[in-house]
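[1] Sharing a model that was predicted from the sequence below.
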Amino acid sequence: MPFLGQDWRSPGWSWIKTEDGWKRIEFFGHDMEDNNNAIDLEELCEENKENLFVGEVCEVATKKRKKDFYNNNTKSQCVYQEKWIYVQKESTRERHGYCTLGEAFHRLDFSSALQDIRRFNYVAKLLQLIAKSQLPSLSGAAQKNYFNVLEKIVRKVLDDQQNPRLIKDLLQDLSSTLCILTKGMGKCVLVGNVNIWVCRLEAIFNWQQQLNNLQIPKQLSNGMTLSDLPLHMQNNILYKFSDACDIINLGQTTPTLHTLSEDRQLWKKLCHFHFSEKQFCRHLILSERGHVDWKRLYFTLQKYYPKREQYGDTLHFCRHCSMLFWKDSGHPCTANHPDNCLMPVSPQHFIDLFKF
């Protein structure tokens with residue numbers, strides 16, 4: 001499909017094939033159109049009389065102002081109908097080019113995934129891994145998209161008052177990485193001007209301050225609370241937790257929950273859930289009575305081995321089509337049995353797919 005546009009220097013319009021033929025995808029919303037209409041050509045010419053030589057120059061300036069206004073007031077540069085992407089690592093006779101991490105991060109629409117509670121932890125973990133190791137590989141557009149998603153996830157935590165500890169860890173890793181990388185700007189470690197990264201670092205410090213000042217109000221309810229449940233039900237709830245910090249924080253609320261949170265069997269089950277027998281057999285810690293101290297063993301093991309990751313929903317990779325997608329969105333698969341070709345993708349696997 002040829003690129004068609006008002007200016008031969010522009011990248012052109014994007015088109016989508018429908019039953020009625022090819023239709024152009026509109027990138028600008030109604031608000032944007034209204035604001036653009038407010039930019040009058042004559043008004044622009046009056047403001048730039050000294051630079052006005054011919055009418056074409058004024059028209060080009062108007063288009064440039066509209067483009068700058070759009071770039072400064074929108075969070076994404078384009079809208080994709082499909083939420084899948086073909087993972088290509090090298091050029092072939094059929095396909096030229098390759099897929100980058102920044103392109104995949106944009107095409108898979110992580111901004112909308114934040115609104116799904118099943119995908120929130122997955123996206124947060126992915127942002128954290130990119131912050132630790134992949135920031136230098138992001139292009140300028142990918143950087144903008146990354147920090148837009150990061151801003152949305154911080155605003156969501158501040159509004160919903162949920163998962164603040166997870167985002168605090170993410171911002172801490174990001175700020176630490178940026179502090180190290182900005183010192184090597186003379187070596188072209190990061191893409192972009194150093195002043196832009198300094199402003200982003202200041203924004204991160206501001207977000208950290210807002211999260212530290214976050215006060216979760218006490219819930220006033222006359223109904224049944226967790227403490228009103230029978231002991232065996234409270235114990236069963238604790239056994240459903242997979243995060244040690246959540247168990248410890250819950251145990252600090254009441255004396256009863258504190259006693260339940262110190263149960264040896266609870267910490268034993270947590271060790272078996274996250275680590276293999278071969279791993280914790282190498283670091284056995286015995287108490288004074290000769291029993292295994294499972295709680296101390298857990299915190300010792302997490303220093304040496306990664307914990308088991310658990311997510312409500314993840315990206316999937318089709319081995320037949322080499323496509324990456326959200327499972328509920330689907331993808332155009334040509335296999336006879338598509339479900340047999342699917343493979344869940346962990347955040348670390350997602351990063352590894354784009355290491356060339």
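    That came in fine, so what should we check first?

[2] how near is Leu286 to Asp313?
    Using C-beta to C-beta, to the nearest Å, Leu286 is found at 41 Å from Asp313. To be clear about C-beta, it is placed using only N, CA and C from the backbone, and glycine gets the same treatment.

[3] between these two, which one's more packed in?
    Asp313 (17 against 11; other C-beta atoms under 10 Å).

[4] How about the more buried one: what's its closest non-neighbour residue?
    Arg118 (3.9 Å; C-beta to C-beta, 6 or more residues apart in numbering).

[5] So the one you found sits against Tyr311, correct?
    Yes: if you go by C-beta atoms under 8 Å, Arg118 and Tyr311 touch, sitting 7.5 Å apart.

[6] okay, those two: which has more neighbours?
    When Arg118 and Tyr311 are compared on other C-beta under 10 Å, the one with more neighbours turns out to be Tyr311, at 16 against 12.

[7] from memory the more buried one sits against Val123, does it?
    No: assessed by C-beta under 8 Å, Tyr311 is found out of contact with Val123, at 9.6 Å.

[8] In this structure, which residue is most central in space?
    Val123 (3.7 Å; C-alpha atoms, centre = their mean).

[9] Run through the stretch 251-356 of the chain and note the low-pLDDT ranges.
    Scanning the stretch 251-356 of the chain with the threshold set as pLDDT under 70 gives 288, 356.

[10] coming back round to it: who are the contact partners of the residue nearest to the centre of the chain?
    Shown in contact with Val123 (C-beta atoms under 8 Å, 6 or more residues apart in numbering): Phe110, Ala113, Leu114, Val149, Ile153.

[11] next structured bit after the longest helix along the chain?
    The longest helix of the chain (DSSP state H) is helix 140-160. Moving toward the C-terminus from helix 140-160, the next helix or strand (DSSP states H and E) is helix 164-182.

[12] Report the mean confidence score over that following helix.
    In this model, helix 164-182 has an average pLDDT of 88.

[13] what distance separates it from the centre of its chain?
    14 Å (C-alpha atoms, centre = their mean, to the nearest Å).

[14] One more: stretch 202-221?
    Its chain's C-alpha centre and that of stretch 202-221 lie 20 Å apart, by C-alpha atoms, centre = their mean.

[15] what comes into contact with it?
    For stretch 202-221, the surrounding residues in contact (C-beta under 8 Å, 6+ apart) are 147, 151, 154, 157-158, 161, 164, 167-168, 171-172, 174-175, 178.

[16] Of the residues you listed, select the buried ones using a PyMOL command.
    Of these, the buried ones can be selected in PyMOL as follows, counting by 16 or more other C-beta atoms under 10 Å:
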select buried, resi 147+154+157+164+167+168+171+174+175+178
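
[17] could you measure Gly102 against Ile351, distance?
    With C-beta to C-beta as the criterion, Gly102 and Ile351 are 12 Å apart.

[18] out of those two, which sits in the more crowded spot?
    In terms of neighbours (other C-beta under 10 Å), Gly102 is the more surrounded of Gly102 and Ile351; the figures are 22 against 18.

[19] how close does that one sit to Val123?
    15 Å.

[20] re the thing from before, my guess is the residue nearest to the centre of the chain is in a strand, correct?
    No: assigned with DSSP: H, G, I helix; E, B strand; the rest coil, Val123 falls outside any strand and is helix.

[21] mind saving the C-alpha coords of the helix or strand encompassing Ala203 as PDB?
    Using DSSP H and E, Ala203 falls within helix 194-212. The C-alpha atoms that make up helix 194-212 are tabulated as PDB, following Å, rounded to 0.1, in the frame of the first residue of the first chain:
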ATOM      1  CA  VAL A 194      21.200  14.400  29.500                       C
ATOM      2  CA  ASN A 195      18.900  17.200  30.600                       C
ATOM      3  CA  ILE A 196      15.800  15.100  29.600                       C
ATOM      4  CA  TRP A 197      17.100  12.300  31.800                       C
ATOM      5  CA  VAL A 198      17.700  14.600  34.600                       C
ATOM      6  CA  CYS A 199      14.100  15.900  34.400                       C
ATOM      7  CA  ARG A 200      12.900  12.300  34.300                       C
ATOM      8  CA  LEU A 201      15.000  11.500  37.400                       C
ATOM      9  CA  GLU A 202      13.400  14.500  39.200                       C
ATOM     10  CA  ALA A 203      10.000  13.200  38.300                       C
ATOM     11  CA  ILE A 204      10.900   9.800  39.700                       C
ATOM     12  CA  PHE A 205      12.000  11.400  43.000                       C
ATOM     13  CA  ASN A 206       8.700  13.300  43.100                       C
ATOM     14  CA  TRP A 207       6.700  10.100  42.600                       C
ATOM     15  CA  GLN A 208       8.700   8.400  45.300                       C
ATOM     16  CA  GLN A 209       7.900  11.200  47.700                       C
ATOM     17  CA  GLN A 210       4.200  11.000  46.900                       C
ATOM     18  CA  LEU A 211       4.200   7.300  47.500                       C
ATOM     19  CA  ASN A 212       6.100   7.700  50.800                       C
END
